[in-house]
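A.B. asks: model the structure of this input:
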Amino acid sequence: MSLRLSGSVEHSIRAHGRETYPDECCGALIGRGDVVYEALALANVTDEGPRHAWPVFAYVIVAVEAGRDGDLRSWRLRSDRSQFDAEDVDIDQRVAKQ
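C.D. replies: Modelled structure (predicted):
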């Protein structure tokens, strides 16, 4: 399985990661199936505490070191919540906002 992001979504995710460094950032991905066509930056706050991940959703994480973005990965929580599995991320310039 792989997740397809538009180039603008990849750019938004990486920019948000750099902007919030050294803190973690969070946001919402908008799309259908395995195609993401929009990323929304959100404040990193929750009343649910540190365990608020759900199966079905993709969790895209970009590594940021010294203010520079690096590897970008997607993870999905198994339905039994036993662990996260990595999935490929493909950048597709043909993906457009729907």
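A.B. asks: quick one: the strands in the protein, in order.
C.D. replies: Counting by DSSP state E, the chain has these strands, from start to end: 2-5, 26-32, 35-42, 58-65, 68-77, 84-91.
A.B. asks: sheet partners, orientation included, of the second one?
C.D. replies: Right, the one you point to is strand 26-32. Strand pairing for strand 26-32, determined by DSSP bridges: strand 35-42 (antiparallel).
A.B. asks: what bits of this structure have low per-residue confidence?
C.D. replies: 48-51, 97-98 (pLDDT under 70).
A.B. asks: can you redo the strands of the chain as JSON lines with mean neighbour count and distance to Ile13?
C.D. replies: C-beta here means a position set from N, CA and C on the backbone, and glycine is covered the same way. Written out in JSON lines, the entries for the strands of the chain read as follows (neighbours: other Cβ atoms under 10 Å; distance: least, Cβ to Cβ, whole Å):
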{"stretch": "strand 2-5", "mean neighbour count": "20", "distance to Ile13": "8"}
{"stretch": "strand 26-32", "mean neighbour count": "15", "distance to Ile13": "7"}
{"stretch": "strand 35-42", "mean neighbour count": "17", "distance to Ile13": "5"}
{"stretch": "strand 58-65", "mean neighbour count": "16", "distance to Ile13": "6"}
{"stretch": "strand 68-77", "mean neighbour count": "15", "distance to Ile13": "7"}
{"stretch": "strand 84-91", "mean neighbour count": "14", "distance to Ile13": "10"}
